[in-house]
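Q: pasted the sequence and its predicted model underneath.
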Amino acid sequence: MDLRFTDDEIAFRREVRDFLRASVPAAIRAKMIEGRKIDRDELTAWTRTLHARGWAVPHWPVEWGGTGWDPIRRMIFRDEIQSFPAPETLSFGTAMVGPVIYTFGSQAQKQRFLPRIADLTDWWCQGFSEPGAGSDLASLKTRAVRDGDHWVVNGQKAWTTLGQHADWIFVLARTDPKAKPQEGISFLLVDMKSPGVTLVPTRTIDGGWEINEVFFDDVRVPAENLVGEENKGWDYAKFLLTNERNGQARVGISKARLKRIRELADFPPDGAVAPLRNPAFRRRLVELEVEMRALEMTQLRVIAAERGDGKPDPASSILKIRGSELMQASSELLMDVMGPAAAIAHGDDGDDGVDWTRGGAATYFNLRKLSIYGGSNEIQRSIIAKAILGL
Amino acid sequence: MNFDLSEEQRLLADSLAKWAARSYDFDRRQKICATPEGRSPAVWAELADLGLTGLPFAEADGGYGGGPVETMIVMEAIGRALVTEPWLDAVVFTGALLRHGADSERRAALVPAIAAGELLLVAAIGEPQARWTLADVATRATPIAGGWRLDGVKTLVPHGAAADRFVVSARTGGDRTSPIGIGLFLVDRTAPGVSVVSHETHDGGRVADVRLDEVTVAAEAVIGDPARGLPILERATDETIAAISAEAVGIMDEALKTTVEYLKTRVQFGRAIGSFQVLQHRAADMFVAVEQARSMALWATMSVGEEDVVTRRKAMAAAKIQVAKSARFVGQQAIQLHGGIAMTWEYKVGHLFKRLTMIDKRFGDLDHHLDWLAATDGLVGAA
Ligand SMILES: Cc1cc2nc3c(=O)[nH]c(=O)nc-3n(C[C@H](O)[C@H](O)[C@H](O)COP(=O)(O)OP(=O)(O)OC[C@H]3O[C@@H](n4cnc5c(N)ncnc54)[C@H](O)[C@@H]3O)c2cc1C
């Protein structure tokens, strides 16, 4: 047992940090710090910068642009990006559909889609949830019926994040209504420009537009856009959801937020008495810092264990639960640092004078989502109880 | 970065698990706790045979050269089996005191006997008014010809009645709470003027009040600089916090295991109570709490060798905070999920809970460490 980073790992961290210092535009970093949205053009430009460095899809197989880094290096890389803070690549492509395609897709699908995912030529969104199928995803009703060399899709998806920018959507659709719920689902890749696809925005409590409903009305999808085998979509979806869970500790983001809280609490820009002088506040802050450190160590342990057999560890549910809770708690504390001015609802753009409170309460409201999506925290507890404790 | 145990470390863990299963089951433990001493010289001899009493001492001094990871492994096993022997106090804490405070002559005189299991040397550093403030020392050391005279009362001395010798903290200068002017003195339990009153503790152990009335010791009895004992005490405390955190993890793990087993077998309303989701989720929360504590015990363990005092102390405070919170939750829920059976003296879970509770009372409780950490610049700094 040696719980220190090796010299190589430390040097690698420095290399990543130097790269970020040299490459992340100041305006992007400022937006990240303030919790403002990064728009499509900005994310595309940044993804291309990463891609040029060979770092857009580190965890992918080397033949498709991966770096061959071990899990510790991938963790260091993610931690540096998050705590810089710099934007992460679009997860729907790089962390969700990409791995499904290179693991289960055809050679033609790999060649066609993977390079365009890696450099964000194609923006992907996730069409899993439906109004009636949330935690119980297998109860989904969207249908796909074979018609010659096409699938005809009808139904409705809900909560589709950033679907407004999307070129493509990956969809779970029922292809065998007579089979058991999990056994009649297929995984389809659908062009958002297909006739019959309609997108309707859903406004979130923070006032933002990040989710949508997507309606499918006799949408014809070429048969070649089925991933893997017909009716095996549930297996691919489970694979995808486990990968999704792994990324949800977000330790680096929480760390960056805690640093910002400490800075603002020491020198609040409105000139108020420093919240850091309030013992009750200081105590809340260090309690979160301790949580952060424990989560960071747990993440290292989960990642180190992963090095063995490559199977996802059910302990990653800890990362989802504690990671989301820490993100939520730190956003709450950040809002509280802002005092009464946290009440002002800023738009996402523009400069209206009291800029430093931008993204305070709004982020707090927005991040309530973290314990709901990606498998709600209640579902994660059931996973721990069943898969780890054997209950 | 590598969390795997080495072959030797695995062997150590295995041999401890085997020893506990063979020779320290809950029954024997309870019988030992019920004796007046609350411990067993026979068990201590078994631990010595396993090489544990000399584990953390340098080979040059007559020990086995074990490091913080070895200590962590032993403490987890001690926790699991609820061993009441003073390994933490007489080996880990004392070991750190000698390593950081004593010169090589002094170590050569003491370590072989400790390693052989023949000398029980514990620190007598507590005082009623001090709580966890190590610098708060009212016991006085007055220079006399050829040595020192000690006067005062030390409290909560672990297994003080069974100890052969004490390391007593006493004031050689400054006022009651000043950090300078604290000396560490070796005192025989049977020396004239020493009187010992033993108390039972809730976790099955024993502590003693040690009165010192005009006790005289020779000049050689001083460990280190007679005015600068505090940093030695602080260092030993830091190292012991890492160890006791590992003990707590062992206990929590055992409490969780016992609870999950019970959830699977206890039937109510015609089915195993573990099929009720509310209990499943509680157990899942216990699991998360144990793992977070384990992470921090590991972090503390890897920080034992940290030379920067503030960095090291922050790690220990953070670990103690996480362990305190996890231990409260896991201990309380282990009782709750068992129902009435856990309230009985005969059942192990209650004793796991009690030891967890008492661990918080040692080396600074949750509020103590939170208060200290909150007054620093924290763990991550400002942007
Ligand atoms: C902001 C946001 C973005 C999203 N983005 C996407 C996206 O891009 N693509 C996509 O496909 N989906 C997306 N989702 C959907 C998300 O995956 C679902 O919201 C989630 O699966 C929960 O489903 P639900 O909202 O229907 O709640 P429900 O499943 O109805 O749950 C309601 C409550 O009941 C609890 N509950 C449910 N079942 C159980 C059970 N068995 N045991 C105990 N408690 C239970 C839940 O934990 C929750 O507290 C997004 C959601 C949000 C909020």
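A: Arrived safely. Numbers count the residues shown, from 1 in each chain, chains lettered A, B, ... in the order given.
Q: okay, now A:Ile38: neighbour count?
A: 16 (other CB atoms under 10 Å in any protein chain shown). The way it works is simple: take the backbone N, C-alpha and C, and place the C-beta from them, glycine included.
Q: B:Gln292 now?
A: 23.
Q: now name the helix or strand holding it.
A: helix B:277-303 (DSSP states H and E).
Q: can you give me the buried ones in the very next helix or strand once past that helix?
A: Sequence-wise, the next helix or strand downstream of helix B:277-303 (DSSP H and E) is helix B:309-338. Residues B:312-331, B:333-335, B:337-338 are the ones in helix B:309-338 that count as buried (16 or more other CB atoms under 10 Å in any protein chain shown).
Q: show me what whichever strand or helix holds A:Val171 is packed against.
A: Assigning secondary structure by DSSP H and E places A:Val171 in strand A:168-174. Judged by 3 or more CB pairs under 8 Å, 6 or more residues apart in numbering or on different chains; DSSP states H and E, the packing partners of strand A:168-174 are strand A:124-127, strand A:143-147, strand A:150-157, strand A:185-191, helix A:233-246.
Q: of those, flag the one that's most buried.
A: The highest mean neighbour count among these, using mean count of other CB atoms under 10 Å in any protein chain shown, belongs to strand A:124-127: a mean of 27.
Q: who are the packing partners of that one?
A: Applying 3+ CB pairs under 8 Å, 6+ apart, we find strand A:124-127 packed against strand A:168-174.
Q: contacts only, for the closest residue to chain B within the stretch 51-200 of chain A.
A: Residue of the stretch 51-200 of chain A nearest chain B, by CB to the nearest CB: A:Ile72 (5.5 Å). In this structure, A:Ile72 makes contact with A:Phe5, A:Glu9, A:Leu300, A:Ile303, A:Ala304, A:Arg307, B:Met1, judged by CB atoms under 8 Å, 6 or more residues apart in numbering or on different chains.
Q: tell me how far the residue in the stretch 151-300 of chain B positioned nearest to the ligand lies from chain A.
A: Proximity of the stretch 151-300 of chain B to the ligand (CB to the nearest ligand atom) peaks at B:Gln277, 5.9 Å away. Between B:Gln277 and chain A the computed distance is 7 Å (CB to the nearest CB, to the nearest Å).
Q: what's around that residue, how many residues?
A: 14.
Q: still on that earlier bit, looking at the helices and strands packed on strand A:168-174, which is closest to the ligand?
A: strand A:124-127 (3.7 Å).
Q: list the contacts of stretch B:10-20.
A: B:Leu5, B:Glu46, B:Leu50, B:Glu70, B:Ile73, B:Val74, B:Glu76, B:Ala77, B:Arg80, B:Ala81, B:Val83.
Q: restrict those residues to those near chain A?
A: B:Leu5 (CB under 8 Å from any CB of the partner chain).
Q: which residues touch whichever residue of the stretch 101-250 of chain A sits closest to chain B?
A: Of all residues in the stretch 101-250 of chain A, A:Ala249 sits closest to chain B, at 11.9 Å by CB to the nearest CB. Neighbouring residues of A:Ala249 by CB under 8 Å, 6+ apart: A:Leu295, A:Thr298, A:Gln299, A:Leu319, A:Lys320, A:Arg322, A:Gly323.
Q: for it, phi and psi?
A: phi -70, psi -40 (degrees, to the nearest 10).
Q: related to what we said a few turns ago, just the closest of the contacts of A:Ile72 to the ligand, please.
A: Using CB to the nearest ligand atom, these come closest to the ligand at A:Ile303, 24.5 Å.
Q: and the closest one, which of the three is it?
A: helix (DSSP: H, G, I helix; E, B strand; the rest coil).
Q: burial measure for it, as a count.
A: Counted with other CB under 10 Å, A:Ile303 comes out at 22.
Q: go ahead and confirm it touches A:Pro71.
A: Yes. Counting by CB atoms under 8 Å, A:Ile303 touches A:Pro71, with 4.5 Å between them.
Q: quick check: residues of chain B near the ligand?
A: B:Gln277 (CB under 6 Å from any ligand atom).
Q: residues near the residue of the stretch 201-350 of chain A found nearest chain B, how many?
A: Here the stretch 201-350 of chain A gets closest to chain B at one residue, A:Met297, 3.5 Å apart by CB to the nearest CB. Applying other CB under 10 Å, we find 24 residues neighbouring A:Met297.
Q: name the element it belongs to?
A: Judged by DSSP H and E, A:Met297 forms part of helix A:279-306.
Q: now that helix: buried residues?
A: Result for helix A:279-306 [16+ other CB under 10 Å]: buried residues A:281-306.
Q: from the residues you listed, which are also near the ligand?
A: Of these, not one also sits near the ligand (CB under 6 Å from any ligand atom).
Q: domains in the chain, by residue range?
A: Went with chain A since none was named. Here the domain assignment for chain A is A:7-89, A:124-231, A:250-388, based on automatic domain parsing.
Q: my question was about chain B
A: Split by automatic domain parsing, chain B gives B:7-119, B:122-228, B:231-375.
Q: residue boundaries of the helices in the stretch 1-150 of chain B?
A: With helices called from DSSP state H, counting those that start in this stretch, the stretch 1-150 of chain B shows them at B:7-23, B:26-34, B:41-49, B:68-81, B:87, B:94-101, B:104-115.
Q: for the fourth one, list the C-alpha coordinates in CSV.
A: Going back to what we said before, that points to helix B:68-81. The C-alpha coordinates for helix B:68-81 follow below in CSV (Å, rounded to 0.1, in the frame of the first residue of the first chain):
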residue,chain,number,x,y,z
PRO,B,68,1.4,3.4,9.9
VAL,B,69,-0.3,0.9,7.5
GLU,B,70,0.7,-2.0,9.8
THR,B,71,-0.8,0.0,12.8
MET,B,72,-3.9,0.6,10.8
ILE,B,73,-4.3,-3.2,10.1
VAL,B,74,-3.9,-4.1,13.7
MET,B,75,-6.3,-1.4,14.9
GLU,B,76,-9.0,-2.5,12.5
ALA,B,77,-8.7,-6.0,13.9
ILE,B,78,-8.7,-4.8,17.5
GLY,B,79,-11.8,-2.8,16.7
ARG,B,80,-13.6,-5.7,15.1
ALA,B,81,-13.0,-8.0,18.1
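Q: tell me the mean pLDDT for it?
A: Helix B:68-81 shows a mean pLDDT of 98.
Q: give me the distance between it and the centre of its chain.
A: 11 Å (CA atoms, centre = their mean, to the nearest Å).
Q: residue of the stretch 1-150 of chain A closest to the ligand, please.
A: Counting by CB to the nearest ligand atom, the stretch 1-150 of chain A gets nearest the ligand through A:Gly134, at 1.8 Å.
Q: that residue: neighbour count?
A: 17.
Q: return the set of buried residues in stretch B:220-227.
A: B:Ala221, B:Val222, B:Ile223, B:Gly224, B:Pro226.
Q: let me see the ranges of the helices in chain A.
A: A:7-23, A:26-34, A:40-53, A:71-83, A:91, A:98-104, A:107-118, A:233-246, A:251-266, A:279-306, A:316-337, A:361-366, A:377-383 (DSSP state H).
Q: need those in JSON lines (columns: mean pLDDT).
A: JSON lines is the format used below for the helices of chain A (pLDDT from 0 to 100):
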{"stretch": "helix A:7-23", "mean pLDDT": "97"}
{"stretch": "helix A:26-34", "mean pLDDT": "90"}
{"stretch": "helix A:40-53", "mean pLDDT": "97"}
{"stretch": "helix A:71-83", "mean pLDDT": "93"}
{"stretch": "helix A:91", "mean pLDDT": "95"}
{"stretch": "helix A:98-104", "mean pLDDT": "97"}
{"stretch": "helix A:107-118", "mean pLDDT": "98"}
{"stretch": "helix A:233-246", "mean pLDDT": "86"}
{"stretch": "helix A:251-266", "mean pLDDT": "94"}
{"stretch": "helix A:279-306", "mean pLDDT": "92"}
{"stretch": "helix A:316-337", "mean pLDDT": "94"}
{"stretch": "helix A:361-366", "mean pLDDT": "91"}
{"stretch": "helix A:377-383", "mean pLDDT": "94"}
